[in-house]
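Novice: Give me the fold of what follows.
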Amino acid sequence: MIASVWTSGLAAIGTSFGVTVVLTREVLELLRRHRILDRPNERSMHANATPRGGGIAVMAAVLLVWGGLAVVPGPLSAWAWVGIGGALLLMTASWADDRHNLPQAPRLLAHIGAVGGALCLLPGDLTVFSGLVPVWADRLITALAWVWFTNLYNFMDGIDGITGVETAALGLGIAVIGAVAAPVLPLAPFGLALAGGGLGFLVWNWHPARVFLGDVGSVPLGFLLGGLLLHLALAGYLAAAVILPAYYLADATITLVHRLIDGERIWQAHRRHFYQRAVRGGTPPNRVALFIAGGNAGLVIAAGLTAAGSFWTGVIAAGLVVTGMLACLQLWARGAVR
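Specialist: Model (predicted):
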């Protein structure tokens, strides 16, 4: 059983990586031919018009591998098909948004529909908060958290390489938790498939990027990763599920609060995330992305400690890692460190 899971996982990450690299090249040519470009404006972090929509290739590779994994009967097979359906719904809505700037309402409805459909599949006695709140409240909080995670994953896609790095880190981190905690081992191949897609996209998106992911990639990636993190929480590993994406959660949430306090329209593009301010302060995007990769490695170790039984050691370590990351990025933002 264990050997077959890891064999599937290795095949998943290798296939997803290879297909993403090849397909992104083909998609890039189509984007160039049809002049589907992300043109820089006052809020952009790039200086040149760059093709946008490479997420089509990433998601095609990931969903192909997920479909192959779901064909084999297993504890996640049914949910994987629902996840694939939700991701396709979000890809459709997000591609329309990439091309035509959809209003907020239809985008949010698509997010709610994908999350709600996936949550309907869960048994009534399976909850995130282990009965501490009524089932309806558990589901409501979970739905709001998943929709927020899906959106913040899109919000954080603001410099070259960052989403590929984060996707690889979360996918590999989920596999690490599976190695430590046998009940969630079946998640490992699905996480590795996402990691392969993220790593494959970095071949094309590393600074200076030749293509951008676009909402068509970042939104469904956030949805699928959020679903895997949810399954960690449902299995009793809530701390690990929160720690793995802790930097993204902290940066996005703190920035959102600051923008609300300042009276900004939070749905509009901006350059106020910690990592964006670090780049504006003079630190190259590739250095920032590598720094986030290093911080994420620390978070994977911290999450693994909680799953292995060293709860407070892992939680404290995660807090120190995230605090250190934000502090360093803030110093870079001020131009104090190079």
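Novice: Which helix or strand contains the spatially most central residue of the chain?
Specialist: Nearest to the geometric centre of the chain sits G222, at 4.1 Å (CA atoms, centre = their mean). Using DSSP states H and E, the element containing G222 is helix 215-234.
Novice: in the stretch 1-150 of the chain, which spans are strands?
Specialist: Assigned by DSSP state E, counting those that start in this stretch, the strands in the stretch 1-150 of the chain fall at 37-38, 50-51.
Novice: Can you check which of the ones you listed gets nearest to T24?
Specialist: Smallest distance to T24 across those (CB to CB): 10.1 Å, for strand 50-51. For the C-beta atoms, the positions are set from N, CA and C on the backbone; glycine is no exception.
Novice: Reformat the strands of the stretch 1-150 of the chain as CSV; add mean neighbour count and distance to T323.
Specialist: What follows is these, written out as CSV (neighbours: other CB atoms under 10 Å; distance: least, CB to CB, whole Å):
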stretch, mean neighbour count, distance to T323
strand 37-38, 17, 33
strand 50-51, 22, 33
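Novice: and these as a markdown table, adding mean pLDDT and distance to L126?
Specialist: Formatted as a markdown table, these follow (pLDDT from 0 to 100; distance: least, CB to CB, whole Å):
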| stretch | mean pLDDT | distance to L126 |
| --- | --- | --- |
| strand 37-38 | 86 | 41 |
| strand 50-51 | 94 | 42 |
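Novice: related to what we said a few turns ago, what residue, apart from its backbone neighbours, is nearest the residue nearest to the centre of the chain spatially?
Specialist: Y153 (2.7 Å; CB to CB, 6 or more residues apart in numbering).
Novice: Tell me who's in contact with the one you found.
Specialist: Going by CB atoms under 8 Å, 6 or more residues apart in numbering, Y153 touches 163, 166, 218-219, 221-222, 225-226, 248.
Novice: List just the nearest of those residues to L329.
Specialist: Y248 (12.7 Å).
Novice: got a pLDDT number for the closest one?
Specialist: In this model, Y248 is scored at 98, pLDDT.
Novice: Do I have it right that it meets E166?
Specialist: Yes. At 6.2 Å, Y248 counts as touching E166 under the criterion of CB atoms under 8 Å.
Novice: shared neighbours of the two, anything?
Specialist: Contacts common to Y248 and E166, judged by CB under 8 Å, 6+ apart, are 153, 156.
Novice: Mind checking the pLDDT average for the helix or strand the residue nearest to G222 falls within?
Specialist: Here Y153, judged by DSSP H and E, is contained in helix 135-155. Across helix 135-155, pLDDT averages out at 96.
Novice: Fine by me, thanks again.
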